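Colleague: what's the 3D shape of this:
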Amino acid sequence: MTDIPSSASSTAQTTSGRSALSKLFGAVVATVPYLVSFGALFLTWHVVSIYIVQSVLFPSPVAVFAKAATLIANGTLIDNILASLQRIMIGFFLGSALGIPIGLMIGSFKVARKLIEPWTEFLRFIPAVAMITIAVIWFGIGEESKIFLIVYTTIFIVILNTAAGVASIAPNKLRAAQSLGANKWQLFALVALPATVPFILTGMRLAMANSFTTIVAAEFVSAQFGLGVMLWNGRMFMLIDEIFTALVMLGLLGFTADRIFRFGIYRFARRYTPVA
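Modeller: Sure, this is the predicted structure:
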């Protein structure tokens, strides 16, 4: 009688182990296309730099990675990456936190749309780079001005996508909920908001890409650390290998952040059928 539970437990453990191995194998297989793609990119770069361009102004990936290893060893690259990521994350989440409720208001209420939409349509066409002088005048040369620029470049994308999500809700869904006795708050919380989640997440994903684009210009303003500082110093002192190191780091960090964001979308918001 005691053998049956033991056998069942052993079978369950074996099944669990196989499932874990299967997931691990699937994760490894899923990374192969990315590795092949990056390998092809760096191979093309190497061939062009060595056999076609042949200029000190276009270093090979080997030279760039060697410089990156040196900067990692002395801590310079790590400090710059952490400084840029901190500014990006703070500005991105602040911009998203402000943009989501504004977008919901614009999409849900006609009065709010008529009052707020002209502001967003006017301001979103002014690039963040053009706001650098204003940011310095308002907030000084400290962290606040850099975070302001990230917030500025983030908020309008989130607002527009959120408002578009609310506007795209099928009227039949709202009528069906009303026929079941839903009040205005329930319509918003249980119908409109869940239907808008995919648009909100897509807007946040696009805004994150813009944050990485803007951080370089933001860090040109009297920053001590950051990948933008590396680019500025590289231009001033003709440190070509450091310039390319900063560019590669921006690309890799942006790609990694986007993959993590996509994973989070599928992991925690799959019920809302997001498109990512």
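
Colleague: Name the next helix or strand downstream of the host helix or strand of residue 174, please.
Modeller: Taking DSSP states H and E as the definition, residue 174 sits inside helix 171-179. Moving toward the C-terminus from helix 171-179, the next helix or strand (DSSP H and E) is helix 184-186.

Colleague: Next, the buried residues of that next one.
Modeller: Within helix 184-186, no residue counts as buried by 16 or more other C-beta atoms under 10 Å. Where you see a C-beta, it was placed from the backbone N, CA and C, and this is true even at glycine.

Colleague: Please work out which residues outside it touch it.
Modeller: The contact list for helix 184-186, computed with C-beta atoms under 8 Å, 6 or more residues apart in numbering, reads residue 177.

Colleague: rewinding a little: need the CA coordinates for the helix holding residue 174. CSV is fine.
Modeller: Listed next in CSV are the C-alpha coordinates belonging to helix 171-179 (Å, rounded to 0.1, in the frame of the first residue of the first chain):
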residue,chain,number,x,y,z
PRO,A,171,-19.5,49.9,-29.0
ASN,A,172,-21.2,46.5,-28.8
LYS,A,173,-18.9,45.6,-25.8
LEU,A,174,-20.1,48.7,-23.9
ARG,A,175,-23.7,48.1,-24.8
ALA,A,176,-23.5,44.5,-23.7
ALA,A,177,-22.1,45.5,-20.3
GLN,A,178,-24.8,48.2,-19.9
SER,A,179,-27.5,45.6,-20.7
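
Colleague: Averaged pLDDT, that helix. What do you get?
Modeller: Per-residue pLDDT over helix 171-179 has a mean of 78.

Colleague: same check, this time on stretch 80-100
Modeller: 93.

Colleague: list the buried ones in that stretch?
Modeller: 80-81, 83-85, 87-88, 90-96, 99-100.

Colleague: And the helices in the stretch 101-250 of the chain?
Modeller: 110-123, 132-139, 143-167, 171-179, 184-186, 193-219, 227-237, 240-268 (DSSP state H, counting those that start in this stretch).

Colleague: In JSON lines: those helices, plus distance to residue 62.
Modeller: Below are these laid out as JSON lines (distance: least, C-beta to C-beta, whole Å):
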{"stretch": "helix 110-123", "distance to residue 62": "45"}
{"stretch": "helix 132-139", "distance to residue 62": "36"}
{"stretch": "helix 143-167", "distance to residue 62": "33"}
{"stretch": "helix 171-179", "distance to residue 62": "56"}
{"stretch": "helix 184-186", "distance to residue 62": "61"}
{"stretch": "helix 193-219", "distance to residue 62": "25"}
{"stretch": "helix 227-237", "distance to residue 62": "18"}
{"stretch": "helix 240-268", "distance to residue 62": "11"}
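
Colleague: Ok, which of those comes nearest residue 66?
Modeller: Set against residue 66 and scored by C-beta to C-beta, the helices of the stretch 101-250 of the chain come closest in helix 240-268, at 8.1 Å.

Colleague: ok so, going back, among the helices of the stretch 101-250 of the chain, which is the most enclosed?
Modeller: Compared across those, helix 143-167 shows the largest average neighbour count, a mean of 24 (mean count of other C-beta atoms under 10 Å).

Colleague: what packs against that one?
Modeller: Helices and strands touching helix 143-167, by 3 or more C-beta pairs under 8 Å, 6 or more residues apart in numbering; DSSP states H and E, are helix 76-108, helix 110-123, helix 132-139, helix 193-219.

Colleague: now the helix holding residue 174 against helix 193-219, angle please.
Modeller: Counting by axes from the mean of the first three to the mean of the last three C-alpha atoms, to 10 degrees, helix 171-179 lies at 130 degrees to helix 193-219.

Colleague: quick one: helix 171-179 to chain centroid distance?
Modeller: Remark: helix 171-179 is offset 34 Å from the chain centroid, using C-alpha atoms, centre = their mean, to the nearest Å.
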